[in-house]
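Engineer: Next one to model:
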Amino acid sequence: MGPLATDPRLHILGEALAPATREDLAPLGHVSDSLDAAVSVVVRARADLDFLLIKRAHSELDPWSGHMALPGGRWDPTDTSLIHTARRETLEETGVDLQRIGSPLGRLDDVATTSPLLPKLRIAAFVFGVPGDVEATVASDEVEQVHWVPLDTLRAPGTGTSVEMTLPGGQRVFPSYHVAGEHVWGLTHRILTHLLELYPELRLDQLRHI
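Structural biologist: Residues are numbered from 1 along each chain as shown. Presented below is the predicted three-dimensional model:
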């Protein structure tokens, strides 16, 4: 029995999300002026719902080198869909097999890069529920660390903060979440903020009345 069938919090989260559409499940057939990518918000059903973050390895070839991120990457012509991309990249980066153990809950709004210094990407964010005994590993040389972070940690005082970044145009300040000793900012911050806006703060002892 999957986590969606056994944990009412995942039902609540799934009801708040946009459903995956036929476009998500079918091969891509459109031509766009931006590249397509997909990420996974992997939510683990424990006493506290937690989600999976990765810290990207340092690389001169990666514009997000060293950043905290959600597992994911660019669509590949061998992928049958964007949700396929999200599952494939999650398995390659963290060893979590969402095709086998993940319950697709829905999707968040797409986000897109806006800086001229970054590749032009449209990023689809899919949310999956996984059982509480699932573990993640560093499964790719593109990943330095993996972290499970309780969703409620993002709401805790002091977690929401800001970070000053040195960019080619000078210093800029961005909103961030400070977790696992690192700042989560940019596109990942936008995706997680949207998730928190949709999902109410619930704990297991509150669910007996739902």
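
Engineer: Give me the neighbour count for Ser59.
Structural biologist: By the criterion of other Cβ atoms under 10 Å, Ser59 has 13 neighbours. C-beta coordinates here come from the backbone N, C-alpha and C atoms, glycine included.

Engineer: Glu142 is in contact with that one, correct?
Structural biologist: Yes: using Cβ atoms under 8 Å, Ser59 makes contact with Glu142 at a distance of 7.3 Å.

Engineer: which residues do the two both contact?
Structural biologist: Counting by Cβ atoms under 8 Å, 6 or more residues apart in numbering, no residue touches both Ser59 and Glu142.

Engineer: Thr159 - how many residues pack around it?
Structural biologist: Neighbour tally, Thr159, other Cβ under 10 Å: 15.

Engineer: ignore the last one, Ala37
Structural biologist: Ala37: 24 neighbours (other Cβ under 10 Å).

Engineer: you'd agree it is in a helix?
Structural biologist: No: per DSSP: H, G, I helix; E, B strand; the rest coil, Ala37 lies outside any helix segment and is strand.

Engineer: so who does it touch?
Structural biologist: 72-75, 85, 121-124.

Engineer: Now go through the residues you listed and say which are in helices.
Structural biologist: Cross-referencing the contacts of Ala37 against helices under DSSP state H gives Thr85.

Engineer: Just put the contacts of Ala37 in JSON lines and tack on distance to Glu92 and pLDDT.
Structural biologist: As requested, those are exported to JSON lines (distance: Cβ to Cβ, whole Å; pLDDT from 0 to 100):
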{"residue": "Gly72", "distance to Glu92": "10", "pLDDT": "95"}
{"residue": "Gly73", "distance to Glu92": "8", "pLDDT": "92"}
{"residue": "Arg74", "distance to Glu92": "12", "pLDDT": "89"}
{"residue": "Trp75", "distance to Glu92": "14", "pLDDT": "90"}
{"residue": "Thr85", "distance to Glu92": "11", "pLDDT": "94"}
{"residue": "Leu121", "distance to Glu92": "18", "pLDDT": "80"}
{"residue": "Arg122", "distance to Glu92": "21", "pLDDT": "88"}
{"residue": "Ile123", "distance to Glu92": "17", "pLDDT": "89"}
{"residue": "Ala124", "distance to Glu92": "17", "pLDDT": "92"}
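
Engineer: Tell me which residue is most central in this protein.
Structural biologist: Val41 (3.3 Å; Cα atoms, centre = their mean).

Engineer: which element is that residue on?
Structural biologist: strand 35-45 (DSSP states H and E).

Engineer: Would you give the sheet partners of that strand, along with the direction of each?
Structural biologist: Within its sheet, strand 35-45 is paired with strand 49-56 (antiparallel), strand 72-74 (antiparallel), strand 121-130 (parallel), according to DSSP bridges.
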